[in-house]
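[1] Could you work out the structure for the sequence below:
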Amino acid sequence: CHPITVTLYIDENVPIHVIADTEKINKIIMNFVDNSLKFTEKGKIDVSVYKSLDIPIRFKRKMKKLNGQISEETYLKIVIKDTGKGISQEDIENLFQTHEYVKLGRSSDGYTGLSMLICKSFVESMGGGIECESVIGKGTMFTVWLEVTTFPTDPMYLYGNISNSWEIEHDKHKEIFTSQ
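    Reported below is the predicted structural model:
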């Protein structure tokens, strides 16, 4: 068995404090990484997180108001890219359909689908969207946009005043683990 390296990169422009459902964010990332591990026999899986002030037009929603303040519209752009088997265009079109389970690769049940539906539901509930690009035999790249709330106020104000803020370290590129 060949090793698979999983790396995480968090861009330095990702806000230190955001208000978002961190449990959903973690589950989204872990579901995509888990699926990538199922269908990648060798190579790597890269997870990158960026700040984005824009989102593809088909995913746009109106700005929200929190506590009477207009929040800054910010998105986390999460890119999960693997060197796995790839997904056909036909299967990509069915990947997020409730009536379809896509038969792929070497997963334990031979199918993917339920975790993709969960991811889609979580992403949409957070005002975002998912795109998939893939080349058979080369790999797959999922791009996820998640709407998060930031404020034009001092982050120290937020500390202790708003629960469930997500603190991360910036400018990190690290290997999470290597599978043997």
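[2] Quick check: which ranges of the chain have low pLDDT?
    Applying pLDDT under 70 to the chain flags the ranges 1-2, 60-72, 98-114, 151-180.
[3] go again using 50 as the cut-off
    Applying pLDDT under 50 to the chain flags residues 62-63, 65-66, 70, 100, 102, 104-112, 161-180.
[4] where exactly do the helices run in it?
    If DSSP state H is used as the criterion, the helices of the chain fall at 22-39, 89-94, 114-125, 155-158.
[5] Reformat those as CSV; add mean neighbour count and distance to residue 9.
    For the C-beta atoms, the positions are set from N, CA and C on the backbone; glycine is no exception. Compiled in CSV, these are given as follows (neighbours: other C-beta atoms under 10 Å; distance: least, C-beta to C-beta, whole Å):
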stretch, mean neighbour count, distance to residue 9
helix 22-39, 18, 13
helix 89-94, 13, 24
helix 114-125, 17, 20
helix 155-158, 12, 22
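[6] Show me the one of those helices that comes nearest residue 73.
    Across the helices of the chain, residue 73 has its closest neighbour in helix 114-125 (16.2 Å, C-beta to C-beta).
[7] Who are the packing partners of the closest one?
    Other helices and strands packing on helix 114-125, by 3 or more C-beta pairs under 8 Å, 6 or more residues apart in numbering; DSSP states H and E, are helix 22-39, strand 129-135, strand 139-150.
[8] could those be laid out in JSON lines, adding distance to residue 118?
    Rendered in JSON lines, the data for these read as follows (distance: least, C-beta to C-beta, whole Å):
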{"stretch": "helix 22-39", "distance to residue 118": "6"}
{"stretch": "strand 129-135", "distance to residue 118": "12"}
{"stretch": "strand 139-150", "distance to residue 118": "13"}
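[9] Identify the residues contacting stretch 51-58?
    The contact list for stretch 51-58 (C-beta atoms under 8 Å, 6 or more residues apart in numbering) reads 11, 13-15, 73-77, 128-129, 131, 145, 147.
[10] what's the span of that stretch, first residue to last?
    Terminal residues of stretch 51-58 are spaced 19 Å apart (C-alpha to C-alpha, to the nearest Å).
[11] related to what we said a few turns ago, which two among the contacts of stretch 51-58 are spaced furthest apart?
    Largest separation among the contacts of stretch 51-58 by C-beta to C-beta: 15 and 131, giving 22.2 Å.
[12] what about the two, which has more around it?
    Per other C-beta atoms under 10 Å, whichever of residue 15 and residue 131 has more neighbours is residue 15, with 20 against 14.
[13] how far away is the nearest residue to the more buried one once chain neighbours are set aside from residue 143?
    Spatial nearest neighbour of residue 15, chain neighbours left out: residue 150 (4.9 Å); criterion: C-beta to C-beta, 6 or more residues apart in numbering. In this view, residue 150 and residue 143 are 20 Å apart by C-beta to C-beta, to the nearest Å.
[14] Understood, closing this out.
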